[in-house]
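Undergrad: Need coordinates for the below:
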Amino acid sequence: MKEIRSRLNEISVLDKFDRVVFESIVEKIIVGEKNADGSVDPYKLTFVLKGIDNRVIPDAKNRYLDLNRKTG
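TA: Here you go, the predicted structure:
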């Protein structure tokens, strides 16, 4: 993730969505998740990238929120 983030920071932002690029790096998107208490969270999106084995970032939501608090 650090390498992907650093490479994205090196390039300029695209002006429009490029479907070919998106489809070349994303294998699938999983919408929703069941929480430990059995409730459903329909707002979680999991992007499964091509060429990366099954890796999990523990506590990703809180890590993302902490990162945004530091930069914001």
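Undergrad: wait, what's in contact with the most centrally placed residue in the chain?
TA: In the chain, the residue lying closest to the centroid (Cα atoms, centre = their mean) is Phe47, at 5.4 Å. Going by Cβ atoms under 8 Å, 6 or more residues apart in numbering, Phe47 touches Val26, Ile29. Using the backbone N, CA and C atoms, a C-beta is placed for each residue, glycine as well.
Undergrad: just checking, next helix/strand downstream of the host helix or strand of it?
TA: For Phe47, the host element (DSSP states H and E) is strand 40-49. Heading C-terminal from strand 40-49, the first helix or strand you meet, by DSSP H and E, is helix 60-71.
Undergrad: roughly how far is that following helix from the heart of the chain?
TA: Here helix 60-71 is found 13 Å from its chain centre; the criterion is Cα atoms, centre = their mean, to the nearest Å.
Undergrad: Equivalent analysis for stretch 9-26, please.
TA: With Cα atoms, centre = their mean as the basis, the mean position of stretch 9-26 lies at 14 Å from the chain mean.
Undergrad: average pLDDT across it?
TA: For stretch 9-26, mean pLDDT rounds to 83.
Undergrad: what's the straight distance from one end of that stretch to the other?
TA: Across stretch 9-26, the terminal residues are separated by 19 Å (Cα to Cα, to the nearest Å).
Undergrad: Start the count at 42 instead of 1 going forward.
TA: Shifting the count to begin at 42 puts that one at stretch 50-67.
Undergrad: In a helix, Gly79, correct?
TA: No: using DSSP: H, G, I helix; E, B strand; the rest coil, the assignment for Gly79 is coil, not a helix.
Undergrad: which phi and psi does it have?
TA: Here the main-chain torsion angles of Gly79 (degrees, to the nearest 10) amount to phi 90, psi -10.
Undergrad: Just the pLDDT for the residue nearest to the centre of the chain.
TA: 88.
Undergrad: Sheet partners, orientation included, of the strand holding Phe88?
TA: strand 67-75 (antiparallel) (DSSP bridges).
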